[in-house]
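> generate coordinates for the sequence data below:
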Amino acid sequence: MTLLDAPVFNEARARKRRNILIAVSILLVVLAGLVYWFWDWPQEHKVNQFFAAIEAKDFTTAFALWNNDPQWLQHTDRYKLYPYGKFMVDWGSTGDYGVITSHKIVMEKATGSGVIIGVDINGRKTPMFLWVERKSGTIGFSPFELTYGAAEPQ
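Below you'll find the model as predicted:
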């Protein structure tokens with residue numbers, strides 16, 4: 001074989017390689033879409049767990065989720081800024097929403113170091129906005145509110 005002789009073209013091998021490249025490309029696009037779609041799922045799940053505990057009147061679990069500290073009863077002194085008593089006033093039956101019986105996440109927006117999540121509570125028209133910090137996993141009241149169709153927090 002000389003330098004100018006071309007190798008024999010293998011059509012089956014070329015077709016197989018092309019099909020593999022197409023399949024990998026489609027798979028990457030689907031995976032990227034799934035990552036984009038479910039990027040804030042852990043924060044949404046945490047808020048759902050929080051409201052499930054509130055609806056079940058399991059306020060100690062709800063407070064643990066709020067602070068991302070399952071052992072909070074061992075060191076209550078860490079929560080002097082928002083103690084359990086104040087939490088009960090806000091989220092118990094005497095809170096702004098009364099007895100919370102249902103919730104639905106209606107919007108969310110990742111911004112900065114966390115996620116703003118809008119939750120309809122007891123079927124009210126205006127959602128409550130909570131902030132979930134990505135790094136610490138804590139829940140708090142959001143300093144911002146979202147509007148339907150808005151690209152940035154208000």
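
> use CA for all of it now, contacts and neighbours both
OK.

> now the helices for this protein?
Using DSSP state H, the helices found in the chain span residues 11-37, 41-55, 59-67, 84-91.

> now do the last one, average pLDDT.
Confidence for helix 84-91, expressed as mean pLDDT, is 93.

> by contact count, what packs against that helix?
Helices and strands touching helix 84-91, as assessed by 3 or more C-alpha pairs under 8 Å, 6 or more residues apart in numbering; DSSP states H and E, comprise helix 59-67.

> contacts for the helix it packs on, please.
With C-alpha atoms under 8 Å, 6 or more residues apart in numbering as the contact definition, helix 59-67 has outside contacts at 46, 49-51, 53-54, 70-72, 84, 87-88, 137-140.

> from those, keep the buried residues only.
Neighbour counting over the contacts of helix 59-67 (16 or more other C-alpha atoms under 10 Å) leaves K46, Q49, F50, F51, A53, I54, W72, Y84, F87, G137, T138, I139 as the buried ones.

> list the contacts of the last one.
Right, I139. With contacts defined as C-alpha under 8 Å, 6+ apart, the neighbours of I139 are V47, L65, W66, N67, N68, L130, W131, V132, E133.

> chain neighbours aside, what residue packs nearest to the fifth one?
If I follow you right, that is N68. Residue nearest to N68 in three dimensions, not counting chain neighbours: T138, with 5.1 Å by C-alpha to C-alpha, 6 or more residues apart in numbering.
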